[in-house]
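Chemist: fold the stuff below for me.
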Amino acid sequence: MEIVYLLNSGFMIKDENILILFDDYDDPEKIVDKVVAKEKFEHFYVLVSHAHFDHFGTHIRAYAPQVSRYIFSNDIKHTKRVKMFPTDKITFIKKYSSWEGDGIKVTTFDSTDVGVSFLVEIDSGNKIFHSGDFN
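Modeler: Residues are numbered from 1 along each chain as shown. All right, here's what the predicted structure looks like:
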């Protein structure tokens, strides 16, 4: 597993044939762009913990052709920015619920701010906890 810190609460995780992106609101080094252009993944998931600008960057819509699923906190459903994304690739998720896709299971928990925190279990056996806006 490779974990790359982006900015603020942004992280990119590579695990076998899965790419997971958390809260990528800004990527000045274009790390994600380079990985997406160079490497092939069976599944690419983009998770966003809540709608604040420093967690939900609309530039992530550029990855739509490669993204398997955008998993957005339920509060994002009510923003104007979400209309920029392909609706058939979005799953909105509430606190204390789960979603399963190819290669991963996502369970959400509360946050000290709005939105959710994520526990992601990957078929490889690895687990990742992304705390959203916890400090």
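
Chemist: now do the strands in this structure.
Modeler: 2-5, 11-15, 18-22, 43-48, 69-73, 90-93, 98-101, 104-109, 117-122, 127-130 (DSSP state E).

Chemist: residue contacts, the residue lying closest to residue 109 once chain neighbours are set aside?
Modeler: In space, residue 109 comes closest to residue 117 once its chain neighbours are excluded; the distance is 4.7 Å by CB to CB, 6 or more residues apart in numbering. Every C-beta, even on glycine, is put in place using the N, C-alpha and C of the backbone. Remark: with contacts taken as CB atoms under 8 Å, 6 or more residues apart in numbering, residue 117 is in contact with 49, 108-111, 129-132, 134.

Chemist: quick check: which of the strands of the chain is nearest to residue 29?
Modeler: Residue 29 lies closest to strand 2-5 among the strands of the chain, at 9.6 Å (CB to CB).

Chemist: check contacts around residue 90.
Modeler: By CB under 8 Å, 6+ apart, the neighbours of residue 90 are 69-70, 72, 82.

Chemist: near residue 127, how many other residues are there?
Modeler: A count of neighbours around residue 127, defined by other CB atoms under 10 Å, yields 10.

Chemist: repeat for residue 72
Modeler: Applying other CB under 10 Å, we find 24 other residues in the vicinity of residue 72.

Chemist: how about residue 85?
Modeler: 18.

Chemist: in this structure it contacts residue 63, no?
Modeler: No - the pair residue 85 / residue 63 is not scored as a contact, 10.1 Å apart, by CB atoms under 8 Å.

Chemist: pLDDT-wise, what's the bottom of the contacts of residue 117?
Modeler: Per-residue confidence across those is lowest for residue 134, with 71 (pLDDT).

Chemist: apart from its neighbours in sequence, what residue is nearest that one?
Modeler: Distances taken as CB to CB, 6+ apart place residue 112 nearest to residue 134, at 5.2 Å, with adjacent residues excluded.
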